[in-house]
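Enquirer: make a model of this:
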Amino acid sequence: MQYYYGDQTTLRVLDEIEFWKHQESEHTVVIRQLVSDLEENFVEQLINWEQAFAQAEGVAVRYIEAVIRSMGVIDPILLQNIKQFTLFAVNQSCSFVAFLNQLTAQSEAVRSNDTAIVVINHIRRESEYLIGIVSATLNYF
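Expert: Take a look at the predicted model:
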């Protein structure tokens, strides 16, 4: 994400969150499909993550719509709510990265699947990208 959006920075941050929450949701499906013998407790956790990311994506869409309706004059309360949501989105991704670390450390099915390890490491880096890019914009709010 570039940092020269000026008045559009709020929309750009929300757009990034919407996109990456969708990606994170899809990543949970990729892991489940790639590791067909994944332990049931990890399958359940991935399903929960998928739902949580879908909900966060929906919240991002609602905030995008609210900002667009504001026609350039964002209410301070709305801006504060967006900042809180942005922090939530970052923390959610941090928790997902921790889960991925746990998954690769504790799942025998993952540890015995070299392709899964490569894919999960890629997924981790993408979530870390979101964490970094969105965290860098928090001073904007």
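
Enquirer: centre of the chain to whichever helix or strand Trp20 is part of, how far?
Expert: According to DSSP states H and E, Trp20 maps onto helix 9-34. Average the C-alpha atoms of helix 9-34, do the same for its chain, and the two points are 5 Å apart (C-alpha atoms, centre = their mean, to the nearest Å).

Enquirer: what packs against it?
Expert: helix 40-69, helix 76-106, helix 114-135 (3 or more C-beta pairs under 8 Å, 6 or more residues apart in numbering; DSSP states H and E). Bear in mind the C-beta positions are built from the backbone N, C-alpha and C, glycine included.

Enquirer: for these, give me a markdown table that also has mean neighbour count, mean pLDDT and distance to Leu11.
Expert: Converted to a markdown table, the helices and strands packed on helix 9-34 look like this (neighbours: other C-beta atoms under 10 Å; pLDDT from 0 to 100; distance: least, C-beta to C-beta, whole Å):
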| stretch | mean neighbour count | mean pLDDT | distance to Leu11 |
| --- | --- | --- | --- |
| helix 40-69 | 16 | 97 | 5 |
| helix 76-106 | 16 | 97 | 10 |
| helix 114-135 | 16 | 96 | 13 |
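
Enquirer: with distance to Val29 added, can I get those helices in CSV?
Expert: Shown next, in CSV, are those (distance: least, C-beta to C-beta, whole Å):
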stretch, distance to Val29
helix 40-69, 7
helix 76-106, 14
helix 114-135, 11
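
Enquirer: burial of the closest residue to Ile64 other than its chain neighbours, as a residue count?
Expert: Distance criterion C-beta to C-beta, 6 or more residues apart in numbering; nearest residue to Ile64, sequence neighbours excluded, is Leu14 at 4.8 Å. By the criterion of other C-beta atoms under 10 Å, Leu14 has 25 neighbours.

Enquirer: residues touching Leu14, list them.
Expert: With contact set as C-beta atoms under 8 Å, 6 or more residues apart in numbering, Leu14 has these partners: 60, 63-64, 67, 82.
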